[in-house]
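J.: A predicted structure for the sequence below; I have some questions about it.
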Amino acid sequence: MKDKIAPSILSADFGKFTAEVKRLEAAGADMVHIDVMDGHFVDNLTFGAGVVAALRPASKLFFDVHMMVEKPENYVSEFAKAGADSMSIHAEATPHIHGALQKIKQAGMKASVVINPGTSVEAITPVLAMVDMVLVMTVNPGFGGQAFLPEMMDKVRELAQIRRDKKLSFEIEVDGGIDPRTIQLAKAAGANVFVAGSFIFKGDVEENIAALKEHLAL
Ligand code: DX5
Ligand code: ZN
């Protein structure tokens, strides 16, 4: 599967998102990771579909929206209209994960399921055949700049094995603490979509994206 770098705008300058997203596109990002937080599911607040709608005319990049909100099913049509390409929803955020994923697909977006560090792969095996991507959190969600949890690589390996055994085709994304060293661990375990926030936005965005890509090729 193609390796993809997904910079998280959580670490961008909130005062100039449009310019930041244009800068990412020019710097070779494969998608934009958009972290939506509601202050309930996680202890932080960010932004909603209005920001996605505002960014949409500024970029052709794939918008990978990570919903850290309770009852994400309530926001599906709003984000589809705003121009999200994919919606990632947490298995822990709704008692109706299957129905919520169906709703995302019906709205014409790619559907992705996310598991927190404390959630095992077993919790999502019933929905693996219907998703386009699985996001394995490699930090506890809520904030950028936290340390990568290497023990999450067991879950990435397990998912890659299930994908082989059942001949499925979902991508595997990792999110949290990705840098040139940890991206190699995640790739070796079987991930192909790599979210990075603080690493990319600290210093030169173009150089940092190039550094991540170089380490994927090693
Ligand atoms: C954390 C967010 C991440 C965050 C990653 O809740 O889901 O997308 O931006 O940031 P870094 O790369 O700094 O760990
Ligand atoms: Zn995220």
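T.: Arrived safely. Computed from a prediction, not measured in an experiment: that's the story for all the values here. Ligands and ions are numbered 1, 2, ... in the order given.
J.: only C-alpha atoms for contact and neighbour calcs from this point on.
T.: Will do.
J.: verify the contact between Pro117 and Met152 for me.
T.: Yes - contact criterion C-alpha atoms under 8 Å: Pro117 and Met152 qualify, at 6.8 Å.
J.: so what's in contact with the two at the same time?
T.: Both Pro117 and Met152 are in contact with Val136, Met137, Thr138, where contact means C-alpha atoms under 8 Å, 6 or more residues apart in numbering.
J.: please report the distance of the last one from ligand 1.
T.: To tie it back to what came earlier, the one meant is Thr138. Distance check for Thr138 against ligand 1: by C-alpha to the nearest ligand atom, to the nearest Å, it reads 8 Å.
J.: need the contact list for that residue.
T.: Asn116, Pro117, Phe148, Leu149, Pro150, Met152, Val174, Asp175, Gly176, Gly177.
J.: and for the second one?
T.: For Met137, the contacting residues are Val114, Ile115, Asn116, Pro117, Met152, Val174, Asp175, Gly176, by C-alpha under 8 Å, 6+ apart.
J.: hey, what's it bridged with?
T.: Partner residues in beta bridges with Met137, using DSSP bridges, are Asp175.
J.: in this structure Ser8 contacts Val32, no?
T.: Yes - the criterion here is C-alpha under 8 Å, and Ser8 meets it with Val32 at 6.3 Å.
J.: these two: which has the busier surroundings?
T.: The neighbour count for Ser8 versus Val32, taken as other C-alpha atoms under 10 Å, is higher for Ser8 (28 against 23).
J.: report the beta-bridge partners for the more buried one.
T.: Taking DSSP bridges as the rule, Ser8 bridges to His33.
J.: how far away is it from Ser120?
T.: Counting by C-alpha to C-alpha, to the nearest Å, the separation of Ser8 from Ser120 is 24 Å.
J.: re earlier: got a PyMOL select line for the buried ones in the contacts of Thr138?
T.: The following PyMOL line selects those of those that are buried, judged by 16 or more other C-alpha atoms under 10 Å:
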select buried, resi 116+117+148+149+152+174+175+176+177
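J.: JSON lines for the contacts of Thr138, including distance to ligand 1 and pLDDT?
T.: Output for the contacts of Thr138, formatted as JSON lines (distance: C-alpha to the nearest ligand atom, whole Å; pLDDT from 0 to 100):
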{"residue": "Asn116", "distance to ligand 1": "10", "pLDDT": "99"}
{"residue": "Pro117", "distance to ligand 1": "11", "pLDDT": "99"}
{"residue": "Phe148", "distance to ligand 1": "7", "pLDDT": "98"}
{"residue": "Leu149", "distance to ligand 1": "10", "pLDDT": "99"}
{"residue": "Pro150", "distance to ligand 1": "13", "pLDDT": "98"}
{"residue": "Met152", "distance to ligand 1": "14", "pLDDT": "99"}
{"residue": "Val174", "distance to ligand 1": "9", "pLDDT": "99"}
{"residue": "Asp175", "distance to ligand 1": "5", "pLDDT": "99"}
{"residue": "Gly176", "distance to ligand 1": "3", "pLDDT": "98"}
{"residue": "Gly177", "distance to ligand 1": "4", "pLDDT": "98"}
